[in-house]
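Asker: Below are the sequence and a predicted model for it; my questions follow.
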Amino acid sequence: MPAGPFTVYGTQLESRFMIGSARYPSPQVLRDAIAASGAQVVTVGVKRMLAAGSDNGFVEMVRASGARLLPNTAGCRTAREAVTLSRMARELYGTPWIKLEVIGDEHTLQPESWELVTAAEELVKDGFEVFPYCTDDLIACQRLLDVGCRVLMPWGAPIGSGQGLLNPSALRTLRERLPEVPLVVDAGIGAPSHAALAMELGFDAVLINSAVAQARDPVRMAAAFARAVEAGRLGWEAGVMARQEMAVPSTPVTGRPFLVQ
Amino acid sequence: MPARALTSPPAVTVTVTLNGEALQVRAGTTLADVLAQRGIDPKSVATAVNAEFVPRTARAATVLRTNDSITTFQAIVGG
C-alpha cells in the first residue's frame, strides 16, 4: 500500500523523497543512491567557472537518471544575485523550476527572508516556478505565497548539520495554517527517523543531501530514507493516535484476572 | 603633394577578462566569438558580462568593450 502522490506546479510526484546530488564519493555512488532513493526530483547547482574543467561526470549522471532537475541558487546573498543565477540555471538545465536560496548568515546559512521574497516575486513574474528555501517563520512563508510561490521548503535545521527538526512546533504550525500548500522540509535532516517525523507532521516531502551522501554507505542510506519517508507518510495518512498523559489499558480484560485475594 | 598610400587602419584591440584572465581581442569581437575562440561549448555554459546575465540568444549581438568582465557558469551538483 504505497502512500498517495502529491502535486507541485502541476507535476504529480509519487516519491516524496527529493534528493541532493552533492558531496558523493563518486558519480557511480550518486547514480546508485538516486536509484535506491526512488526520488523523482534531484537538486543540482550552478557554479562560476574559475578555469576550464569538467565535473567528472556527476551532472551527466544526474541527467541520465531521468529525474526532474531542481537547480538551486546556492551561494547567493542578495535577491539580485539569486535572480541572475536563476536565469542562468533555467538556460543550463532547461527548466522553470528553481530552488531559490538567498542566505543571510554565514554560520547558520539561514535564509534571508526579505531578499528571498524580493527575488521570488521577480522570478514568478518572469515565469519561474519557485521552490523557496525558507525558515519556518509563518509570516515569511505567507509573504512567499503572496508573491506567487506554490510550494515552500522550510528548513529543519541548518544545511548539512544533520541535527534533525529543531522546531517541530513551528513546522506543525505551518502545516496547520497552510493546509493546501505543498510543504517540503529542506535541510538539517540527519537520520531516517528525522525524515519520518517530518512526514508524520504532515509535510508533503523531504529534501535530503548530506545525510545520504556522507553516510558510510550512501546507497544503503538512500534506501533507508526511502522507507522512512514512506512509513512517515503512511503514518500521517493513517492518523497518529492522540497522546495520553497516563496509561490506557490496551487488553480488554474483565476486571482483575483473579477474584481471590 | 604625393597621394598617401592606402593602408589598412591599424588593428584596434580591446582588453577584456574571461573568468579573471585578461584577453586582447579585436574590436568588434562578440561574446559568442570569444567562446568560440576559447573552444568553449556554447551550450555548456551560461554567461554574464559585468555581472549581467547574457542569454545564449544574445551572445552573437553582444559586442565587447574595453574592460568588460566575462564570466561563465557551468552546471554542477548541488543540494
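Answerer: Happy to help now that I have it.

Asker: make it CA atoms for all contacts and neighbour counts henceforth
Answerer: Fine.

Asker: Can you measure across stretch A:246-253, start residue to end residue?
Answerer: Taking CA to CA, to the nearest Å, stretch A:246-253 runs 18 Å from one end to the other.

Asker: mind listing what the closest residue to A:Leu85 other than its chain neighbours touches?
Answerer: Counting by CA to CA, 6 or more residues apart in numbering or on different chains, A:Thr73 is the residue found nearest to A:Leu85 once chain neighbours are left out, at 6.2 Å. Applying CA atoms under 8 Å, 6 or more residues apart in numbering or on different chains, one finds that A:Thr73 lies in contact with A:45-46, A:82, A:85-86, A:98-102.

Asker: Which of those residues sits closest to B:Thr29?
Answerer: Distance to B:Thr29 across the contacts of A:Thr73 (CA to CA) is lowest for A:Leu85, with 25.0 Å.

Asker: Can you give me the neighbour number for the nearest residue to A:Asp204 once chain neighbours are set aside?
Answerer: In space, and not counting its chain neighbours, A:Asp204 is closest to A:Leu183: 5.3 Å by CA to CA, 6+ apart. Counted by other CA atoms under 10 Å in any protein chain shown, the residues lying close to A:Leu183 total 23.

Asker: just for chain B, where's the confidence low?
Answerer: By pLDDT under 70, the low-scoring segments of chain B are B:1-11.

Asker: Looking at it, which strand is longest?
Answerer: In chain B, with assignment by DSSP state E, the single longest strand is strand B:69-77.

Asker: which stretches of chain A form strands?
Answerer: Under the criterion DSSP E, strands of chain A are mapped to A:6-8, A:11-13, A:17-20, A:41-48, A:68-71, A:97-100, A:129-134, A:153-154, A:184-186, A:205-208.

Asker: Around chain A, which positions in chain B sit nearby?
Answerer: B:19-20, B:43-47, B:52-53, B:55-56, B:71-79 (CA under 8 Å from any CA of the partner chain).

Asker: Let's see that with 10 Å instead.
Answerer: Taking CA under 10 Å from any CA of the partner chain as the criterion, the neighbours of chain A within chain B are B:18-21, B:38-40, B:43-48, B:51-56, B:71-79.

Asker: From the residues you listed, keep the buried residues only.
Answerer: B:18-19, B:45-48, B:53-54, B:56, B:71-79 (16 or more other CA atoms under 10 Å in any protein chain shown).

Asker: Go ahead and confirm B:Ala36 touches B:Pro42.
Answerer: Yes - at 7.6 Å, B:Ala36 and B:Pro42 qualify as touching, with contact defined as CA atoms under 10 Å.

Asker: Parallel or antiparallel, list what pairs with the helix or strand containing B:Thr47.
Answerer: Of the helices and strands defined by DSSP states H and E, B:Thr47 is found in strand B:46-49. For strand B:46-49, the pairing partners within the sheet under DSSP bridges are strand B:52-54 (antiparallel), strand B:69-77 (antiparallel).

Asker: got the angle for the last one vs strand A:41-48?
Answerer: Using axes from the mean of the first three to the mean of the last three CA atoms, to 10 degrees, the direction of strand B:69-77 lies 150 degrees away from that of strand A:41-48.

Asker: Pull the distance from strand B:69-77 to the chain's centre.
Answerer: Strand B:69-77 has its C-alpha centroid displaced from the chain centroid by 15 Å (CA atoms, centre = their mean, to the nearest Å).
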